[in-house]
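Participant: no sequence on hand, only this structure:
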């Protein structure tokens, strides 16, 4: 089984575009999972792509004036409206093609943002674009806090994580709310394709981006982008942390096509959540009973996901 998997992995690597559309030399932190994820996304998208990017880490480290790391058409937009601008670009390209103002070839519109610009500030624009059914892909690069402005909590920050606006202390566990399940919210919008991904599983991520690119309709990918700086972990642990998130069930990898769930990475047995938490400084204050609370919640959410995988809805 392992040899068969490795053969498939090598085949997929050979099919990856060798051209780099997101250049080296940007100013991301050491071990930045988000920079790697953006690079992988661009390789999977290829040419004939337009990207609208909200304010955040990606914009700051990739476009220090007067330079840019982007080889694809890219526009920086305000914090809340990447999805709205992406929807406008998609509609504009459609009109220009119909009027013969541009060549009649398919150009994919992609909007991107961090968890703050997606789950919080940009939620209204995202919901509207998804509900209207624009032919576009939205990718959320989730590093679980507002990292660019000082590691403030967002609605995607995990329960128990210490941030600058939800600090751990004698009277505080840190963040007191559970992470918002944005992929499920997108499924509720009847989006054609929804998937989760990590920078630590590059082939899985690129395959999902390629699939989303071919869909003529709305698609959403939620990518866990490890942030060693904000998570208070060693930079060299970036890839390991993403894998641990999957192996412990904290962040399962799955895709939903027209309401039907499929796991794309299934650990034979889930590792204890503590394996993931103990290598991150943002969780070092947690006591054993608090870790057990997190473990119980992860077990519950994983069972709910597996139930959806194993009992798909009847086809219409």
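Facilitator: That came through, no problem. What you see is a predicted model, and the numbers here were worked out from it, not measured in a lab.

Participant: residues near residue 28, how many?
Facilitator: Other residues near residue 28 come to 19 when the count uses other C-beta atoms under 10 Å. Where C-beta positions appear, they are placed from N, C-alpha and C, glycine not excepted.

Participant: quick one: residues contacting it.
Facilitator: The neighbours of residue 28, taking C-beta atoms under 8 Å, 6 or more residues apart in numbering as the test, are 34, 35, 57, 61, 62.

Participant: just the strands in the chain please.
Facilitator: Assigned by DSSP state E, the chain shows strands spanning 49-54, 74-77, 108-114, 136-142, 168-169, 172-173, 193-198, 219-224, 253-257, 260-265.

Participant: compare the ones you listed and report which one is nearest to residue 232.
Facilitator: Nearest to residue 232, of all those, is strand 168-169, at 11.4 Å by C-beta to C-beta.

Participant: could you tell me the angle between the longest helix seen in the chain and strand 253-257?
Facilitator: If you go by DSSP state H, the chain has its longest helix at helix 288-310. Here helix 288-310 points in a direction 40 degrees away from that of strand 253-257 (axes from the mean of the first three to the mean of the last three C-alpha atoms, to 10 degrees).

Participant: for helix 288-310, name the packing helices and strands.
Facilitator: strand 260-265, helix 273-277 (3 or more C-beta pairs under 8 Å, 6 or more residues apart in numbering; DSSP states H and E).

Participant: next, the buried residues of the first one.
Facilitator: Neighbour-count burial for strand 260-265 flags 261, 263, 264 (criterion: 16 or more other C-beta atoms under 10 Å).

Participant: ok, back up a step: turn the helices and strands packed on helix 288-310 into JSON lines, including mean pLDDT and distance to residue 206.
Facilitator: Converted to JSON lines, the helices and strands packed on helix 288-310 look like this (pLDDT from 0 to 100; distance: least, C-beta to C-beta, whole Å):
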{"stretch": "strand 260-265", "mean pLDDT": "96", "distance to residue 206": "12"}
{"stretch": "helix 273-277", "mean pLDDT": "98", "distance to residue 206": "24"}
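
Participant: turn those into a markdown table, columns for distance to residue 183.
Facilitator: A markdown table is the format used below for these (distance: least, C-beta to C-beta, whole Å):
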| stretch | distance to residue 183 |
| --- | --- |
| strand 260-265 | 10 |
| helix 273-277 | 19 |
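
Participant: circling back to that earlier point, any idea which of the buried residues of strand 260-265 is closest to residue 158?
Facilitator: If you rank those by distance to residue 158 using C-beta to C-beta, residue 263 comes first, at 21.0 Å.

Participant: how close does the closest one sit to residue 93?
Facilitator: As judged by C-beta to C-beta, to the nearest Å, residue 263 and residue 93 stand 35 Å apart.

Participant: what of residue 307?
Facilitator: Between residue 307 and residue 93 the computed distance is 40 Å (C-beta to C-beta).

Participant: between the two, which is the more surrounded one?
Facilitator: Each of residue 307 and residue 93 has its neighbours counted (other C-beta under 10 Å); residue 93 has more, 18 against 10.
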